[in-house]
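A.B. asks: based on what follows, work out the 3D shape:
(one chain, ligands or ions: 1)
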Amino acid sequence: MALRAALRQKCGLIGILSQPSSSGSHSRVSAVLVSQMRNNATSPKIKVDFNQSTGVAVLSMQSPPVNSLSLDFLTELCISVEKLEMDRACRGLIITSSLPKVFSAGLDILEMYGKSPERCGEFWRAVQEMWLKMYSSNMVTIAAINGSSPAGGCLLSLTCDYRIMSDNPRYSIGLNETLLGIVAPFGTDKNIIKNTHTCSN
Ligand SMILES: CC/C=C\C/C=C\C/C=C\C/C=C/C(=O)SCCNC(=O)CCNC(=O)[C@H](O)C(C)(C)COP(=O)(O)OP(=O)(O)OC[C@H]1O[C@@H](n2cnc3c(N)ncnc32)[C@H](O)[C@@H]1OP(=O)(O)O
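C.D. replies: Predicted coordinates for the structure are as follows:
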């Protein structure tokens, strides 16, 4: 019942949030998705177990050492979520980590150093695409946070409807990225490139 009520509540939001973006940002993932489906490829960084009888999928992040959110990882994550969205039998999604101690270390720091402005722009668009896709999902989403989850890892969990975290004092969570001097770029593609250009130098 609770699951159904949450789903109904979310569906109201989806109408507002799933408007086509003027930047066309969703088209990249869709294009990748189509080509991946054609090739029937499987993703090594993300494992999805879908239980037909419950309608709930468990998406396990398995990208050692710390499930950092690289461009490849974010793309795979979005593709996996998009595939589940297309399956009408899937009503709920649990995101968790198959690594010990870490849910996700957040954005991959190596994506923010020494990269071209174009690559930086692509990366930040993928970050934005991830949280928009998760936040506007028509599935009921739950983050099962079974390890540390700083910065972008925290962001990922915040895009879910519910968060449950292991009760372990060694695990931390929070939006600590400003300590690294990382400020989220503004919304437009032009600004993303402008902003990230400075961080690649
Ligand atoms: C609704 C909101 C809308 C819009 C908001 C938009 C944007 C705002 C949001 C996002 C901004 C986010 C920015 C970020 O995420 S920046 C990244 C911040 N992350 C961190 O600072 C995490 C740092 N890492 C840790 O604290 C620890 O590594 C951790 C607790 C995760 C694990 O500790 P453990 O002791 O188990 O492992 P380590 O030995 O520390 O690390 C192993 C290995 O992994 C590498 N590593 C760690 N973190 C990262 C990372 N983020 N990226 C890349 N690589 C990482 C680390 O260097 C080690 O590598 P090696 O030495 O080669 O073994």
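A.B. asks: doesn't I95 lie inside a strand?
C.D. replies: Yes - with DSSP: H, G, I helix; E, B strand; the rest coil as the criterion, I95 is located in a strand.
A.B. asks: does it touch I142 like I think?
C.D. replies: Yes - under the criterion of Cβ atoms under 8 Å, I95 makes contact with I142 at 7.2 Å. Any C-beta I mention is one placed from the backbone N, CA and C, and that applies to glycine too.
A.B. asks: give me the more crowded residue out of the two.
C.D. replies: Between I95 and I142, counted using other Cβ atoms under 10 Å, the more crowded position is I95 (26 against 21).
A.B. asks: contact partners for the more buried one?
C.D. replies: I95 is in contact with 59, 61, 141-144, 156-157, 160, counting by Cβ atoms under 8 Å, 6 or more residues apart in numbering.
A.B. asks: buried set for stretch 141-159?
C.D. replies: By neighbour count on 16 or more other Cβ atoms under 10 Å, the buried set for stretch 141-159 is 141-157, 159.
A.B. asks: keep only those of those residues that are also close to the ligand.
C.D. replies: The residues of the buried residues of stretch 141-159 that also fall near the ligand, by Cβ under 6 Å from any ligand atom, are 148, 150-152, 155.
A.B. asks: which is the next helix or strand following the longest helix seen in the chain?
C.D. replies: Criterion DSSP state H: the longest helix present in the chain is helix 117-135. Per DSSP states H and E, the first helix or strand lying C-terminal to helix 117-135 is strand 140-145.
A.B. asks: mean confidence score for that next one?
C.D. replies: Computed over strand 140-145, the mean pLDDT rounds to 98.
A.B. asks: next SSE downstream of it?
C.D. replies: strand 149-150.
A.B. asks: neighbouring strands - and their directions - for that following strand?
C.D. replies: Here strand 149-150 has these sheet partners by DSSP bridges: strand 173-174 (parallel).
A.B. asks: contacts for the partner strand next, please.
C.D. replies: Applying Cβ under 8 Å, 6+ apart, the set of residues contacting strand 173-174 from outside is 103, 145, 148-151, 153-154, 157, 165.
A.B. asks: rerun that using 7 Å as the cut-off
C.D. replies: By Cβ atoms under 7 Å, 6 or more residues apart in numbering, the residues outside strand 173-174 that reach it are 145, 149-150, 154, 165.
A.B. asks: check whether that strand comes near the ligand.
C.D. replies: No - judged by Cβ under 6 Å from any ligand atom, strand 173-174 stays clear of the ligand, getting no closer than 10.0 Å.
A.B. asks: noted, bye for now.
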